[in-house]
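Participant: Got a sequence here, can you build the structure:
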Amino acid sequence: MTSLARLKFYATQPHACSYLPDEQATTLFLDPSQPMDVQVYAELSEIGFRRSGDHLYRPHCQRCTACIPARIPATGLQLSRQQKRILKRNADLKVREVRPMFTDEYYSLYVNYIEKRHADGDMYPPSRDQFNTFLVRDLPFSRFYEFRLEGRLLAVAVTDVLPNGLSAVYTFFDPDEERRSLGRYAILWQVGEAARRGLKAVYLGYWIKNCRKMNYKTEYRPIELLVNQRWVTLS
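Facilitator: Predicted structure coming up:
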């Protein structure tokens, strides 16, 4: 086990929060000169850190504690009727694991997704540099999971395979396939994949109670939230 106390961290200056418009955010980053070690990453994920590109970070806001780390245990998922329907609708998809890379096919899907689903967000407008910096990193634990229908790419789940679980970094998908609920399906698939690998959980990032875009995360039960440095089950 790594001694986390020996690691160096840096905090950003307060900046506008991406999720709560009236709040100022501060972010804590692991020293970028620290090699991206999978064991360090796994241990930091246990205390609420996430990866973005080449950086490990977590919120470090002075006045606000709205961002709560969330994870889904790999076993014991209680499927709702809606989730069962989602699994049935997508049973015809084939999933393939590949190393992260840039292709025109991936980028075209990403652009379509951002422009139609997140034109009001801070990732709009999409760019090749943004796509590469955020998602296409040469890291030994990072994977792209392709979801295809008869060869046609419908979704990509960018996932980190850690010793303690899968970290769901980002998913982008065909926004015109709304009936399939591809984002939700990708999470259900990753939970199943974590169980197949004998891993503990799927790390979902942060849940914010007053952010509508985060509501989907608590649809998965049981789910665990990191509260006062303890993972608490919300069943």
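Participant: Residues touching the lowest-mean-pLDDT helix or strand in the chain, excluding its own?
Facilitator: Least confident element among the helices and strands of the chain, by mean pLDDT, DSSP states H and E: strand 15-16 (a mean of 92). For strand 15-16, the external contacting residues (C-beta atoms under 8 Å, 6 or more residues apart in numbering) are 24-26. Quick note: C-beta positions are derived from backbone N, CA and C, even for glycine.
Participant: Would you mind identifying the next helix or strand past it?
Facilitator: For strand 15-16, the succeeding helix or strand toward the C-terminus, using DSSP states H and E, is strand 24-25.
Participant: if we can go back for a sec, return the closest of the contacts of strand 15-16 with respect to R89.
Facilitator: For these, the closest approach to R89 (C-beta to C-beta) belongs to A25, at 36.7 Å.
Participant: can you tell me which helix or strand the nearest residue to W207 once chain neighbours are set aside belongs to?
Facilitator: Spatial nearest neighbour of W207, chain neighbours left out: A70 (4.3 Å); criterion: C-beta to C-beta, 6 or more residues apart in numbering. Using DSSP H and E, A70 maps to strand 68-73.
Participant: cool, and A155?
Facilitator: With DSSP H and E as the criterion, A155 is inside strand 152-162.
Participant: What is that strand packed up against?
Facilitator: Judged by 3 or more C-beta pairs under 8 Å, 6 or more residues apart in numbering; DSSP states H and E, strand 152-162 is in contact with helix 38-45, helix 104-117, strand 142-149, strand 165-173, helix 182-196.
Participant: Tell me the first helix or strand C-terminal of the last one.
Facilitator: So that's helix 182-196. Toward the C-terminus, helix 182-196 is succeeded by strand 201-207 as the next helix or strand (DSSP H and E).
Participant: Following that following strand in sequence, what is the next regular element?
Facilitator: Counting by DSSP H and E, the element after strand 201-207 in chain order, helix or strand, is strand 223-227.
Participant: got the angle between that following strand and helix 38-45?
Facilitator: 80 degrees (axes from the mean of the first three to the mean of the last three C-alpha atoms, to 10 degrees).
Participant: how about the CA coordinates for strand 223-227, as CSV?
Facilitator: Listed in CSV are the C-alpha atoms of strand 223-227, where the atom choice follows Å, rounded to 0.1, in the frame of the first residue of the first chain:
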residue,chain,number,x,y,z
ILE,A,223,-25.4,2.6,-4.3
GLU,A,224,-22.6,3.8,-1.9
LEU,A,225,-21.8,7.4,-1.1
LEU,A,226,-18.7,8.7,0.5
VAL,A,227,-19.9,10.6,3.5
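Participant: Check which residues of it are buried.
Facilitator: Using 16 or more other C-beta atoms under 10 Å as the test for burial, strand 223-227 gives 223-226.
Participant: Check stretch 7-19 too.
Facilitator: Across stretch 7-19, burial judged by 16+ other C-beta under 10 Å covers 9, 17, 19.
Participant: what's the answer for stretch 189-201, then?
Facilitator: In stretch 189-201, counting by 16+ other C-beta under 10 Å, buried: 189-191, 193-195, 199-201.
Participant: Show me the beta-bridge partners of the residue nearest to W207.
Facilitator: Beta-bridge pairing for A70 (DSSP bridges): G205, L225.
Participant: you'd agree it is up against E224?
Facilitator: Yes - judged on C-beta atoms under 8 Å, A70 makes contact with E224 at a distance of 7.0 Å.
Participant: before we move on, the earlier item: from the buried residues of stretch 189-201, pick the one nearest A157.
Facilitator: Nearest to A157 among those is Q190, at 6.3 Å by C-beta to C-beta.
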